[in-house]
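J.: predicted model and sequence below, questions to follow.
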Amino acid sequence: MRGPLGRDASGAGAGGGKGGDDAAAGIIRHDRKCRDLPFLALFAAFWVAMIVNSSFGFNQGSPLRLTYGLDYKGNICGSKHGDPDLSELDVRYWVNPNQVYQSGLKNSTNDLADAKAICLMECPYPAEDGLNFVCDYPEGDIRLSVDDWIDRDYDYFEYLTPDMRNSSLQLQGPCYPIIFPSINVYWSCQFIARPSNVSLKHWQQMGGVSIDENMLIDKTIHNSINYKSSVLKRYVADIGKSWPVLIVCGGLLPLFLSLIWLAMIRYFVAGMPWITVILFNALVVSVTMFFYIKAGWIGNDPLTVVIGPSDPYVSIGGREINHLHAAAVLMTVVMIIAFLTSIAIVRRILIATSTTVLKVAAKVIGEVHALIIFPVVPYFALAIIYMFWFAATLYLFSSGQVLQNDCNAECCSFDLKLGKVNCDSCCGYSVHYTPHIGIAILFHLFGCYWATQFFIACSSTVIAGSVASYYWARGEISHDIPFHTVVSSVKRLLRYSLGSVALGSLIVSSVEWVRCILKSLRRRLKGVDSTGESRLGKTVSSSSHCCLGCIDWTIKSVNRNAYIVIAVTGKGFCKASELATGLIMNNILRIGKVNVIGDVILYLGKLCVSLSSALFAFLMLDTHKYRSAHNKISSPLFPVLLCWALGYVVAQLFFGVVETSVETIILSFCQDAEEHDGEAQYAPPLLMETLGDTSQLQRLTQGP
C-alpha cells in the first residue's frame with residue numbers, strides 16, 4: 001500500500017527498525033526525474049524578455065525627467081547634456097506670465113507645455129524698489145557666459161539693443177519682467193497671484209504691454225504640477241532618491257529582525273505569541289501616528305510641497321497630501337481591526353495547541369542549524385534582482401523621446417541666434433511615450449512579482465525536504481543533519497524540481513495579477529458611471545472580487561503544501577497539488593485545530609517585521625537630507641510602502657523556515673497516522689506529549 005506522499009506504507013514499520021538514514025530514505029524519494037521542464041524554459045525565456053525590456057528603458061529613459069521639467073528647447077532642467085549646460089539650473093520657470101494665464105483659459109488653443117520656460121537655480125522674486133528681469137539663455141549677440149548670466153541674476157536688460165528692448169516690452173523677449181512672486185513647488189516655479197505693485201508700476205511706466213492677473217495664473221501651474229501622471233513620476237523618482245532608505249529599512253533591518261525572531265522562536269517559543277501580539281499592536285499605532293503627523297493632523301510637521309524656504313502667507317497643497325490623508329484613514333481602520341483581532345485571539349492563545357507545533361518546529365531548527373542560514377541564499381539572489389529591477393523601473397518610467405509638440409499656439413519670441421523676432425517655433429517640447437510603454441511597465445512589474453514568488457517557493461521546497469528528513473528519521477540522523485540534509489535538498493531542487501516551482505509561482509502570480517487588473521477595471525467603471533450602476537451590477541462586482549480573493553488565498557495555501565510534496569516525492573506540480581489537497585481534505589479538522597493560531601502568530605510576526613521597516617523608514621525620511629535640496633522627496637508614502645513590502649518579503653523568506661517546518665510536520669504527522677491506523681510512529685516525542693492522552697490522540701488522528 002502506498003500513502004499519499006508516495007511512501008511505501010507496507011515498509012513503514014520496517015523503516016522504524018532501521019537506521020536514521022534508511023528511515024529518511026524511505027520517505028525522501030530518490031528515483032526522480034525532471035518535472036515541468038517547459039515552465040522552467042518559460043521562466044528563463046521570460047527573464048530574457050525582461051532584460052530586453054529593461055534595455056529599452058536604459059536606452060530611452062532618463063530618471064531626471066521624473067523630477068525636473070523641460071525648457072523651451074527640450075533640455076531637461078538639471079542635465080549637463082543640455083544646450084547650454086544646465087547641471088546647476090534645475091528649476092523650471094515660465095518667463096511670460098500672459099502665456100501662463102492664457103493657457104488656463106477654457107477653450108484656449110494655448111497649452112502650458114508650449115509656454116516659454118527656461119531653467120534657473122531658484123525661483124525669482126520681484127524687486128522691492130524697482131523692476132527686475134529674467135532674460136533668456138545668453139547666446140548670439142549677448143556676449144555673456146552662463147556663469148556670468150547666473151551671477152547677474154539672469155538679467156542683462158541693460159545690454160539690449162533698442163529692438164531687443166522694444167521686443168521685451170511686448171513680452172516677446174529676450175528679457176521678461178518679474179511681476180509675480182513665485183515659489184519652488186517640486187522644481188517648477190508656481191506663480192502667486194498677487195503681483196508686486198512696485199514692479200508692475202515700473203513696467204507700466206516703461207510702456208510694457210498689459211499683464212493679465214487673477215487666480216487663474218496661480219491655478220494653471222498648480223494643476224499642471226498636480227496632474228496624475230506628474231504625481232506618479234514624482235513617486236517613482238522618490239524611490240531613486242531614497243535608495244539608502246530602501247537598502248537599510250527594506251533590506252538590512254528586516255534581515256536583522258527576522259534572524260532575531262528565529263532565535264527567539266528557538267529559545268523562547270512559549271512567550272513568542274504574546275510578544276508578537278503586543279509588538280504588532282504597538283507598531284500599528286506608531287506607524288498610524290506617523291501618517292497622522294505627515295498628513296498634518298497631529299503636530300506641526302506636515303508634508304510640504306515647497307522646495308526650500310516658503311512664504312508663511314502662502315498655503316499650497318497637492319495630491320501627495322491628499323494621498324497621505326487617505327493612508328492615515330486606512331491605517332486607522334487597520335489599527336482598529338488589529339485591536340479587535342488581538343482581543344479575539346488572546347483566549348485562543350491560552351488554549352491553543354499550535355504553540356506545541358511551534359515548539360517542534362523550534363526543535364527542528366535547533367537540530368538543523370543550516371535552516372536558519374539557508375534563507376540568506378534566496379535573500380541575496382532577490383537582492384540582486386531587486387537592485388536591477390529598481391534601476392530598470394526608473395528608466396522605464398522615464399523612457400520616451402523628447403519631441404516638439406504639435407500646437408496651434410500663436411506667439412512670437414526674440415531669437416538671439418537669428419537676431420530677430422521669430423514666430424515660427426511657438427511649440428514647446430514634451431516627452432512622447434511609445435504606445436507599448438504601458439505594456440512594458442506592466443510586464444516589468446509582473447516579472448518582479450513572479451521572481452519573488454519563485455524564490456520564496458524554492459526556499460520552501462528546500463526547507464520542506466530537510467524537515468521531512470528529520471521527521472521520518474525520528475531525529476536519529478541529527479549528527480549528520482546540520483548541513484547534509486539542506487545541501488541534499490538544494491541539489492534535488494536544482495536538478496529535478498525547478499520546473500515545478502516555476503509553474504507554481506506562475507499560477508500564484510497570474511491569479512494575483514488578474515485580481516489586480518479586475519480591481520483596477522472596477523475602479524475605472526465606477527468612476528465613469530457611479531450613479532447608473534445597478535444593484536445587481538454592484539452585487540456581481542463585489543462577489544467576483546470576493547471569489548478572486550478566495551481563489552488567490554486557496555491557491556497560495558495549496559501551493560505551500562504542494563511544494564512539500566514536491567520536496568518529498570519529486571512529483572510534478574499538478575500531481576503534488578492533487579496529493580497535498582487529498583491529504584489536507586482527509587485531515588482538515590486535525591490541521592485546522594493544531595495550526596490555525598500558529599498561522600496567525602506567524603502572519604503577525606511577518607507584519608511586525610514589515611511594520612518595523614516602515615516605522616524606521618519614516619524616521620530616516622524625516623531627516624534633513626530628505627526634506628530639502630535635491631534629495632527632497634515629494635512624499636514619504638511610496639518609500640515607506642516599498643520598505644513595508646520589502647520587509648514583508650524578507651520576513652516571508654525567513655519566517656518560511658518556521659512556517660514550512662510546521663506545515664511539513666503536520667502533513668508528515670497526518671501521513672504517518674494514516675499509514676499506521678491512526679497511531680503515528682515517527683512523530684517526535686514532544687509532539688506526542690503535547691497531544692495528550694490516548695483518547696485525544698485517537699480523536700485527532702481520525703479522518704473526517
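T.: That came through, no problem. Keep in mind that this is a model prediction, so the values were computed, not measured. Residues are numbered from 1 along each chain as shown.
J.: tell me, how many residues neighbour residue 412?
T.: Neighbour count of residue 412, defined by other Cβ atoms under 10 Å: 16. All C-beta spots, glycine's among them, are computed from the backbone N, C-alpha and C.
J.: repeat for residue 646
T.: Neighbour tally, residue 646, other Cβ under 10 Å: 25.
J.: so what's it up against?
T.: By Cβ atoms under 8 Å, 6 or more residues apart in numbering, the contact set of residue 646 is 246, 249-251, 254, 386, 613.
J.: pLDDT value on it, please?
T.: Per-residue pLDDT puts residue 646 at 95.
J.: helix or strand: which one has it?
T.: helix 637-675 (DSSP states H and E).
J.: any idea how this structure splits into domains?
T.: Domain segmentation of the chain under the TED database yields 38-58+230-307+317-399+413-523+548-693, 91-226.
J.: for the spatially closest residue to residue 644 that is not a sequence neighbour, give me its contacts.
T.: In space, and not counting its chain neighbours, residue 644 is closest to residue 614: 4.3 Å by Cβ to Cβ, 6 or more residues apart in numbering. Applying Cβ under 8 Å, 6+ apart, we find residue 614 in contact with 249, 287, 640-641, 643-644, 647.
J.: ok, of these, which one's closest to residue 484?
T.: Using Cβ to Cβ, the shortest approach to residue 484 within the contacts of residue 614 belongs to residue 647, at 32.1 Å.
J.: just the element for the residue nearest to residue 644, please.
T.: Element membership of residue 614, judged by DSSP H and E, is helix 588-621.
J.: what angle sits between the helix holding residue 646 and helix 588-621?
T.: Helix 637-675 and helix 588-621 meet at an angle of 160 degrees, taking axes from the mean of the first three to the mean of the last three Cα atoms, to 10 degrees as the criterion.
J.: where do the helices sit along the stretch 51-200 of the chain?
T.: All helices of the stretch 51-200 of the chain, identified by DSSP state H, counting those that start in this stretch, fall at 64-67, 97-103, 146-151, 162-169, 197-205.
J.: who are the contact partners of residue 185?
T.: 221-222, 225, 305-307, 316, 318.
J.: can you check the pLDDT for it?
T.: For residue 185, pLDDT reads 89.
J.: where's it relative to residue 452, distance?
T.: Distance, residue 185 to residue 452, by Cβ to Cβ, to the nearest Å: 36 Å.
J.: then residue 441?
T.: 17 Å.
J.: one more: residue 191?
T.: Applying Cβ to Cβ, the value for residue 191 to residue 452 is 45 Å.
J.: residue 406: which of the domains of the chain is closest?
T.: Among these, domain 38-58+230-307+317-399+413-523+548-693 comes nearest to residue 406, with 6.8 Å by Cβ to Cβ.
J.: what helix or strand does residue 309 sit in?
T.: Per DSSP H and E: residue 309 is located in neither a helix nor a strand.
J.: what's the burial count for residue 292?
T.: Per other Cβ under 10 Å, the neighbour tally for residue 292 reads 20.
J.: hang on, it in a helix?
T.: Yes - Residue 292: assigned to a helix according to DSSP: H, G, I helix; E, B strand; the rest coil.
J.: with adjacent residues omitted, what lies nearest to it?
T.: Nearest residue to residue 292 in three dimensions, chain neighbours excluded: residue 298, at 4.3 Å (Cβ to Cβ, 6+ apart).
J.: that older thread, looking at the domains of the chain, which is closest to residue 72?
T.: domain 91-226 (4.7 Å).
J.: which one of the contacts of residue 185 is nearest residue 57?
T.: residue 225 (24.6 Å).
J.: ok, now how distant is the closest one from residue 318?
T.: 7 Å.
J.: can you check residue 651 too?
T.: With Cβ to Cβ as the criterion, residue 651 and residue 318 are 33 Å apart.
J.: could you do residue 499 as well?
T.: Relative to residue 318, and taking Cβ to Cβ, residue 499 is found at 48 Å.
J.: picking up where we left off before, out of the helices of the stretch 51-200 of the chain, nearest to residue 676?
T.: That would be, of the helices of the stretch 51-200 of the chain and by Cβ to Cβ, helix 64-67, which comes in at 63.1 Å.
J.: what about that closest one, average pLDDT?
T.: Averaged across helix 64-67, pLDDT comes to 90.
J.: so which residues make contact with that helix?
T.: 76-79, 186-187, 233-234, 236-237, 240, 394, 397-398, 400, 431.
J.: just the pLDDT for the nearest residue to residue 174 once chain neighbours are set aside.
T.: Residue nearest to residue 174 in three dimensions, not counting chain neighbours: residue 136, with 4.0 Å by Cβ to Cβ, 6+ apart. Listed pLDDT for residue 136 reads 90.
J.: check contacts around residue 136.
T.: The neighbours of residue 136, taking Cβ under 8 Å, 6+ apart as the test, are 95, 118, 173-175, 414, 416.
J.: export the residues you listed to JSON lines and append columns for distance to residue 564 and neighbour count.
T.: Output for these, formatted as JSON lines (distance: Cβ to Cβ, whole Å; neighbours: other Cβ atoms under 10 Å):
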{"residue": "95", "distance to residue 564": "67", "neighbour count": "27"}
{"residue": "118", "distance to residue 564": "64", "neighbour count": "23"}
{"residue": "173", "distance to residue 564": "73", "neighbour count": "24"}
{"residue": "174", "distance to residue 564": "74", "neighbour count": "26"}
{"residue": "175", "distance to residue 564": "75", "neighbour count": "25"}
{"residue": "414", "distance to residue 564": "75", "neighbour count": "22"}
{"residue": "416", "distance to residue 564": "74", "neighbour count": "18"}
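J.: confirm residue 418 sits in a helix?
T.: No - judged by three-state DSSP, residue 418 forms no part of a helix; its state is coil.
J.: who touches it in this structure?
T.: Contacts of residue 418 (Cβ under 8 Å, 6+ apart): residue 140.
J.: which among the contacts of helix 64-67 count as buried?
T.: Buried members of the contacts of helix 64-67, counted by 16 or more other Cβ atoms under 10 Å: 76-79, 186-187, 233-234, 236-237, 240, 394, 397-398, 400, 431.
J.: which of the residues you listed scores worst on pLDDT?
T.: Checked by pLDDT, the buried ones among the contacts of helix 64-67 have residue 400 as the lowest-scoring entry (84).
J.: in the stretch 201-350 of the chain, where is pLDDT below threshold?
T.: 310-315, 347-350 (pLDDT under 70).
J.: helices of that one, start to end?
T.: 216-225, 228-241, 243-247, 253-267, 272-294, 319-351.
J.: wait, which of these is closest to residue 372?
T.: Among those, the nearest to residue 372 by Cβ to Cβ is helix 253-267 (5.5 Å).
J.: sorry, back to before: residue 561: which of the helices of the stretch 51-200 of the chain is closest?
T.: So among those, helix 64-67 is nearest, using Cβ to Cβ, at 42.9 Å.
J.: in this structure residue 361 contacts residue 665, no?
T.: Yes - look at residue 361 against residue 665 with Cβ atoms under 8 Å: they come within range, at 6.5 Å.
J.: overlap in contacts, the two.
T.: residue 467.
J.: which secondary structure element of the chain has the lowest mean pLDDT?
T.: helix 12-16 (a mean of 39; mean pLDDT, DSSP states H and E).
J.: number of residues surrounding the nearest residue in space to residue 89 that is not next to it in sequence?
T.: Leaving aside its chain neighbours, residue 89 sits nearest to residue 119 (4.0 Å; criterion: Cβ to Cβ, 6+ apart). Around residue 119 there are 26 other residues, counting by other Cβ under 10 Å.
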